[in-house]
Every structure is written in structure tokens, then in C-alpha cells.
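J.: Sequence and predicted structure are below.
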Amino acid sequence: MVANKRPGNILWKSSKRRWEDSSPTVIGDTVIAGSKSGIYAFNVADGTRRWQLQTDGAATTAPMVVDGTVYMADTSGSIYAVNLADGTKQWQLDMDVAMHGSPTVVDDQLYVGDMDGVLHKVDIGTRESQWECKAEGAINSSPVVVDETVYVCAKDSTLYAISTDDGTVEWTASAARSMNASPTFYDDMVYVGSMDNEVHAFDAETGKEQWATGVRGTIQSTPTVTDEAVYATSVRELYAFDRDTGEKQWTYSLKGSVSGSPTVAGGNVYIGSENTVFAIDAESGDKAWVNRIGGRLTSTGKIKSSPTVADGVVYVTSDRSRMYALKAGNGEFDSNCSRVLLGTLGHHERLVSTDPADIALPDNPSQESDGGNPAASENSDETMEFCPECGTDISAYDNPTYCHNCGTKLT
């Protein structure tokens, strides 16, 4: 599909829909996103529509796919479970309160917040509530579940750490102004941006702030993290920060408003701004490529979604127009950052339910989906020691499926 195309070229675009800010999820040969009218699935090869499901409200959250089932919430207060293969509705659970954050599913349990500030835990087998936890402000963010803790932000300027067992609050941490975006987790740290013009890093166990670094403008999107850096956007700029100290490594001006979150794949950071998709070198902050995906902003709409990269293709939606598939670069690589690996605002098949650094676990069922890429055979006679794409030492991993540095598929 990506042969004879230059990085940044559009491979296909869907028919027009009101996508709002729903971010794409890519599983096997299917890419899924929500719109004002429902949930849509497309063939990744050419953008032809596979199926659609009408929802009661706007499905502006991002889909989460686990074991062949698509989970989404909508603004009417309903949660949907949909068959990935054909779009048939398996069940619908009406919660009666609008939901703007994406659901998170881990170990057959679904976590989602609502505009009344309630975080719900629902058993997906019985569809019965396991517990509810009330925050002091509306929950727009998508929960992040790591081990036995749920991390979620609310509009009361607070980050909550909540026990998955009984819904009790383990700790809270505050910012000067509202935290609208979802948190992300990496290597025992929780990172979050806020409307106080700062990116914050908190100890995941205690909630103690480790650093806070100011930027120009408010932060309405979720940071994403790799081994090398924390990447975040303010209203008009993309930043890279040192993970340990918060020191700025570089800044790139996007020249337009930003509400989506970045992703990292193949050595680049991908982000949308207004009607333009950017690929920025993750190490230097230099431009790799830029594509203004349409004509006038009034007809194209803004890119409010967060991009996802799978098999060397970056998928993104614009709020009033289309879903786009663009060639991300040379080679087949996937997003390898905390936001995507934890399933926050779109994901691909390499979904992990704990620390996203643990990406080389071929026997972990949470990383397998219908139509997935099986891990290398345990009986293989050859052990790969270095990534053939970037040269990173991968000898510490047992038959890794992906390079933990650049995301290149190894099997």
C-alpha cells in the first residue's frame, strides 16, 4: 500500500463525516473511529467502509478494541460493545450521563468517567457495576489503568489515583487550573498537562510532584512518553522534555491551534494542527515532513484527533471532513509511545495493560488481537540482538515482536 509514495503523501481518504475529535484505532486490516452519527470501520488498504453502527449520541471518544470487540462511549451516556469483524452490536449499556472520555478495558473490566464526575468500573461479562468513584469535577479524560491503580483527571484541577479493587482514592495531586486531558504512565511516573500552562510529572505510587515545566499556552492534550523523552503540545507548539528533569529539549512551532495528542513512531513525532499533519524528528525537533491535507480550513475542518501509526501509515481524522491515511515514513513501524500502548485516544494491536516499557512479552494475551501479528516462535534457532532498522540493542528481550526504540516489526 505504501510503495512508490513519499513520506507525508495521502494514501487514501474516507467519505465525509463529522468525526469531531475521535482518534483512530487500528487492528489488523481495519481502522475504527467514532463520529457524530456513530462508529465506522474502514479497510486500511484503501479506505473502503467495512461497516457502520449508529449510536444514540455523538461517538466522539476513541475506540478501544480488546479480543475482537470494539468498546466506545457516547454523549448520550451509552457504552457500546461491537463486533470488530462485522459491526454487529453485542450489547449497549445506558449510563444516562454524557461521556466525553474513552473507555479503558483491562482484565475484562471497563473503566470510564462521565460529566457528573463519576468514574465507573463495569464488568464486561455481566455488564454490572463493580464500583463508582466520585470526583469533584467532570471527567473528560480517559482512564489509564496500570497494575491495580486507575489514573484519571477531572475538571477540579485534580489527578486521581484510584484502587481498581474497590474504587477508593489512593492519592490525589493538583494543578493550579483544570486538567482536561488524560494522564499517561511510564516507568513509575504519571505525566499530565493542564490549563495552568505546565506539564507535570508525578510519582505513580505517592502522587508527589517530581517536576513541572511551563510552556507558552494552555495544554489541552495528553502527553506521550518514550524512553527518550516526554512529548506534549500547548495551544500552538510541540515540545520535547527530559523524562527525569522536565528540561525542555526542543520546541517546534505548529503555527495553528492544537487539541490532539502526539504519537511517536519510526523516529518521528506525529501531530495534527488546524488542517495540517506534521512529522517532526523526535531527537532534534526538525521537520521531517508536513502535509496540509486539504484546501481551506472551512471546508477541511480541524484535526482535533490524536494520530495513530500502524505499519508505516499514520491515521488521523478532521472534525468536519474525512479520515486520512498518510505514509508515515520509509518502513513498516508502529506508534511506540505510552499514549498508544496504553490505549488512550486510539491504539493498535500492540496494546499493553501495564507499563508500556514492557513491550516484548510474546506470551502476554493483552498484546494479541484478532488478525494480529504473532510473536516470534519460542523455538527459533536465531536470537536477534540488534534492531535491523535503527541498530538498538534488543538482546535483553525474549523474542521481541517490535523494537522498543523505533517500533519496527521484528517478526
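T.: Nice, thanks for sending it over.
J.: what pairs with Val190 across the strands?
T.: Val190 has these beta-bridge partners by DSSP bridges: Phe185, Phe202.
J.: Show me the beta-bridge partners of Asn83.
T.: Beta-bridge pairing for Asn83 (DSSP bridges): Thr69.
J.: Figure out the length between the terminal residues of stretch 188-204.
T.: 5 Å (CA to CA, to the nearest Å).
J.: Report the mean confidence score over that stretch.
T.: The pLDDT scores in stretch 188-204 average 91.
J.: From the chain's centroid, how far away is that stretch?
T.: For stretch 188-204, the separation from the chain centroid amounts to 17 Å (computed by CA atoms, centre = their mean, to the nearest Å).
J.: what's around Ser15, how many residues?
T.: Neighbour count of Ser15, defined by other CB atoms under 10 Å: 12. C-betas here are computed from N, CA, C, even on glycine.
J.: swap that for Asp46, please
T.: 10.
J.: what about it, which SS state?
T.: Recorded secondary structure, Asp46: coil (DSSP: H, G, I helix; E, B strand; the rest coil).
J.: could you dump stretch 79-90 to PDB, C-alpha only?
T.: The C-alpha trace of stretch 79-90 is given here as PDB (Å, rounded to 0.1, in the frame of the first residue of the first chain):
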ATOM      1  CA  ILE A  79     -21.400   2.300  26.300                       C
ATOM      2  CA  TYR A  80     -21.300   0.100  23.300                       C
ATOM      3  CA  ALA A  81     -19.700  -3.300  22.700                       C
ATOM      4  CA  VAL A  82     -19.400  -4.000  18.900                       C
ATOM      5  CA  ASN A  83     -18.100  -6.900  17.000                       C
ATOM      6  CA  LEU A  84     -14.900  -5.800  15.200                       C
ATOM      7  CA  ALA A  85     -15.500  -8.200  12.300                       C
ATOM      8  CA  ASP A  86     -18.900  -7.100  11.100                       C
ATOM      9  CA  GLY A  87     -20.100  -4.200  13.300                       C
ATOM     10  CA  THR A  88     -22.900  -6.000  15.000                       C
ATOM     11  CA  LYS A  89     -23.800  -4.700  18.400                       C
ATOM     12  CA  GLN A  90     -23.100  -7.100  21.200                       C
END
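J.: which other residues reach that stretch?
T.: 27, 30, 32, 39, 41, 50-53, 55, 59, 65, 68-74, 91-93, 95, 99, 103, 110, 112, 122, 124, 370 (CB atoms under 8 Å, 6 or more residues apart in numbering).
J.: what is the mean pLDDT for that stretch?
T.: 96.
J.: go on, stretch 62-76?
T.: 93.
J.: And stretch 171-179, by the same measure?
T.: 84.
J.: tell me which residues of it are tucked away?
T.: By 16 or more other CB atoms under 10 Å, the buried positions in stretch 171-179 come out as 171, 173, 175, 178-179.
J.: ditto for stretch 285-293
T.: Within stretch 285-293, the residues scored as buried using 16+ other CB under 10 Å are 285, 288-289, 291, 293.
J.: again with stretch 106-116
T.: Within stretch 106-116, the residues that count as buried by 16+ other CB under 10 Å are 106, 109-116.
J.: Now, these that are in strands?
T.: Applying DSSP state E to the buried residues of stretch 106-116, the entries found in strands are 106, 109-113.
J.: Those residues into TSV, with extra columns for pLDDT and distance to Glu274?
T.: Formatted as TSV, those follow (pLDDT from 0 to 100; distance: CB to CB, whole Å):
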residue	pLDDT	distance to Glu274
Val106	93	35
Gln109	96	38
Leu110	96	34
Tyr111	97	32
Val112	96	30
Gly113	95	28
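J.: Quickly name whichever of these is closest to Asp187.
T.: Closest approach to Asp187 among those (CB to CB): Val106, at 18.7 Å.
J.: Run through the bridge partners of the closest one.
T.: Gln109.
J.: Wait, it touches Val144, no?
T.: No. The pair Val106 / Val144 is not scored as a contact, 9.7 Å apart, by CB atoms under 8 Å.
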